[in-house]
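Q: Got a sequence here, can you build the structure:
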Amino acid sequence: MITAQLIQRINILAKKKKDSGLSPEETSEQAQLRRIYLDTIHGRLKQSLEQIEIVDDPKHAVTIIREKDVSPIPVDGINTKYKH
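A: So this is what the prediction gives:
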């Protein structure tokens, strides 16, 4: 979860890295905080995309992202593959 404290700590470490450098512990902490931030953003984006449906014909609604599916999906006579 992204909190104000998480963002504040990321920014403090980024400024310190730019100004004077980080200790190995701070470098490790920075990497861990960035991973938490990016994983949260990625999860939110994926969740949003999974909610989207493309409806060209009411009988054939297509979601944009399918779990573990990269099978061809015909679009206007063209076969395309959706990857995630």
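Q: quick check, distance from stretch 25-40 to the centre of its chain.
A: Between the centre of stretch 25-40 and the centre of its chain there are 15 Å (Cα atoms, centre = their mean, to the nearest Å).
Q: Now do the buried residues in it.
A: Within stretch 25-40, the residues scored as buried using 16 or more other Cβ atoms under 10 Å are Q30, L33. In short, each C-beta sits where N, CA and C put it, glycine included.
Q: what does that stretch contact?
A: Stretch 25-40 has contacts (Cβ atoms under 8 Å, 6 or more residues apart in numbering) with M1, I2, L6, I7, R9, I10, L13, A14, K16, K17, L22.
Q: Might one say that the last one is in contact with K15?
A: No - counting by Cβ atoms under 8 Å, L22 does not reach K15; the two are 10.5 Å apart.
Q: For the two, work out which one has more neighbours and name it.
A: Counted by other Cβ atoms under 10 Å, L22 and K15 do not tie: L22 has more neighbours, with 16 against 10.
Q: just the strands in this structure please.
A: Ranges of strands in the chain, per DSSP state E, are 53-55, 61-63, 72-75, 78-81.
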